[in-house]
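**Q** got a sequence here, can you build the structure:
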Amino acid sequence: MLALMFGCAATSAAEAYNLALAGDLPVADSLGLCERAGEQSQECAAAVIRERPEASGRDCQSIESVEWRSECFFSIAERQARAGDRFGTLATCAGAGGYYHECLYHGWTYELQGTIKGGGRAVSQVDAAREAVAFWGQIQTVEGKAEERMWLDWWYFALNRNRPADITECAQLEGDDKAHCEAGHVQFVQRSITEVIQRPRTPPQLKARMCRGGYDAVAEVRPNLYVSHPELDALTLPAIQSACINQRGTGLVPWSPIFVERRPWAAG
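**A** As a prediction, the model looks like this:
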């Protein structure tokens, strides 16, 4: 009866859209209202499913538009990734169309971040990341060695939550762990400087001051980033120059994964 009442009340496409997104009706009824939203019907359906935690990838199948259906699957996969449902994330990403690679990227970054505790030292948390890194490191569509890509991402997130980064702590580790730690510290400094300069919310005047003032100006905006060390200190000026010269999203940065076409699985 409630669904009927709201359906009848929607006398225009705009009203149907607004009622569908109000969250007062079951998902199926809201999607029914979206069908009456005129040119925005597909966008409406994607928005309903994105905003309703009880919605699932199955609901995305009802969206005819390839673009909005792909966006719908992507949003559901993000929700699953945040909840730690890696297999659900993988299955849902398969329906994400043009967002497939970005969907995978969000899947592994959310899970890697979920292994990290703040307020301690990143070097003591490596064991907590091993299973997630090993799982996502099997991805066949990441150029290069996917597992190394995962470790670099993990170290960035771990160091960001446990500042200041201190590369001398890598001496506590051995073998590949030590190598990943040292490479992770290098990329953490480069990436952190780049992102604080290039993030959209950085006012142009502040960006200009950081570009003219060097690392001291960056450190005012992003204090306590890392413990001074010759190897890391040498990275700051090149990172600042690169961030100031290039626009956000342009130029090749080592922390942006490069995706390739699916390759045949090499059975071991």
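
**Q** residues in contact with the helix or strand containing His101?
**A** Assigned by DSSP states H and E, His101 belongs to helix 100-114. Residues outside helix 100-114 that contact it (Cβ atoms under 8 Å, 6 or more residues apart in numbering) are 73-74, 77-78, 81-82, 84, 86, 89-90, 92-94, 96, 129, 132-133, 136, 139, 141, 150, 153-154, 157, 257, 259. Glycine gets a C-beta too; all of them are placed from N, C-alpha and C.

**Q** verify the stated contact: Arg161 with Arg121.
**A** No. In this structure, Arg161 is not within contact of Arg121 by Cβ atoms under 8 Å, at 10.5 Å.

**Q** circling back to that earlier point, can you list the buried residues in the very next helix or strand once past the helix holding His101?
**A** Remark: after helix 100-114, the chain's next helix or strand is helix 126-136, criterion DSSP H and E. Residues of helix 126-136 classed as buried under the neighbour-count rule (16 or more other Cβ atoms under 10 Å) are 126, 129, 132-133, 135-136.

**Q** what's the answer for stretch 62-76, then?
**A** Using 16+ other Cβ under 10 Å as the test for burial, stretch 62-76 gives 62-63, 68-76.

**Q** how far off centre is that stretch?
**A** How far stretch 62-76 lies from its chain's middle: 18 Å, per Cα atoms, centre = their mean, to the nearest Å.

**Q** what of stretch 76-95?
**A** What separates the centre of stretch 76-95 from the centre of its chain is 13 Å, taken as Cα atoms, centre = their mean.

**Q** could you give me the average pLDDT of it?
**A** For stretch 76-95, mean pLDDT rounds to 91.

**Q** what's the end-to-end length of that stretch?
**A** The first and final residues of stretch 76-95 sit 10 Å from each other (Cα to Cα, to the nearest Å).

**Q** please apply the same query to stretch 131-143.
**A** Stretch 131-143: ends 21 Å apart by Cα to Cα.

**Q** same question for stretch 93-101.
**A** Taking Cα to Cα as the criterion, the two ends of stretch 93-101 lie 8 Å apart.

**Q** closest to Ile193 out of the buried residues of stretch 62-76?
**A** Within those, the smallest distance to Ile193 is 29.7 Å, found for Phe74 (Cβ to Cβ).
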